[in-house]
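*Asks:* here are the coordinates; sequence isn't available:
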């Protein structure tokens, strides 16, 4: 990755992640209790940063949607709207839809069926398994591998896939996005805490915002002339 080829926003995003990971590494190896109960705790710095970045991605996609609405076809509108709603949902889930912020009591159903007794779906327990593990971990891992490693290659080499991807406005990662994901995946192994996945999710949130802001196919999908 050539640092001088990155946009200013790319540089700021990666610097932020480097600092966040460096602080996480430091506390995870010198004061694990602080890492678990302060830095990576629910509603702590890491989780709140995730919320901000996920919501920013959603708002950016809604901005594209309304700005380009009259210039785009139905397929484009469906693709962008689905992504915008998905990231809005993810941001809401991250803070349990403001439940802890506004001190809202969970209903009896969520108290009985949610691993953290909160009003969200990703911590729901079904047949003894957390939905977060089944869907938000295993399924998302497969989807990320396809999206980050396989789709960029197919987009560059297969004309029909390129046409389909652009039709539904799917942003394609640049190689520095792929490298950033791989580096974050490699580094997270060295954080010895069950809360380390909060740090990994922060990397996910920041990098996806950078992808939506400046994808490889930005001219093809986020331009009024495309």
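*Replies:* Done, it's in. Fair warning: this is a prediction, and the values are worked out from it, not measured in the lab.

*Asks:* pLDDT (mean, whole number) over whatever helix or strand residue 28 lives in?
*Replies:* Residue 28 belongs to helix 8-30 when assigned by DSSP states H and E. Across helix 8-30, pLDDT averages out at 96.

*Asks:* Distance from the chain centre to that helix, please.
*Replies:* Remark: helix 8-30 is offset 16 Å from the chain centroid, using C-alpha atoms, centre = their mean, to the nearest Å.

*Asks:* What residues sit buried inside that helix?
*Replies:* 10, 13, 14, 17, 20, 21, 24, 25, 27, 28 (16 or more other C-beta atoms under 10 Å). Glycine gets a C-beta too; all of them are placed from N, C-alpha and C.

*Asks:* for stretch 158-177, same thing?
*Replies:* For stretch 158-177, the buried set under the neighbour-count rule, 16+ other C-beta under 10 Å, comprises 162, 165, 166, 169, 170, 171, 172, 173, 174, 176, 177.

*Asks:* least trustworthy helix or strand in this structure by mean pLDDT?
*Replies:* Of all the helices and strands that make up the chain, helix 131-133 has the lowest average by mean pLDDT, DSSP states H and E, namely a mean of 64.

*Asks:* In this structure residue 154 contacts residue 160, no?
*Replies:* No - under the criterion of C-beta atoms under 8 Å, residue 154 makes no contact with residue 160, lying 9.5 Å away.

*Asks:* For residue 201, see how far away residue 171 is.
*Replies:* Shown here: residue 171 relative to residue 201, a distance of 19 Å by C-beta to C-beta, to the nearest Å.

*Asks:* The host helix or strand of residue 211 packs against which elements?
*Replies:* Assigning secondary structure by DSSP H and E places residue 211 in helix 196-213. With contacts taken as 3 or more C-beta pairs under 8 Å, 6 or more residues apart in numbering; DSSP states H and E, helix 196-213 sits against helix 8-30, helix 45-68, helix 74-94, helix 175-188.
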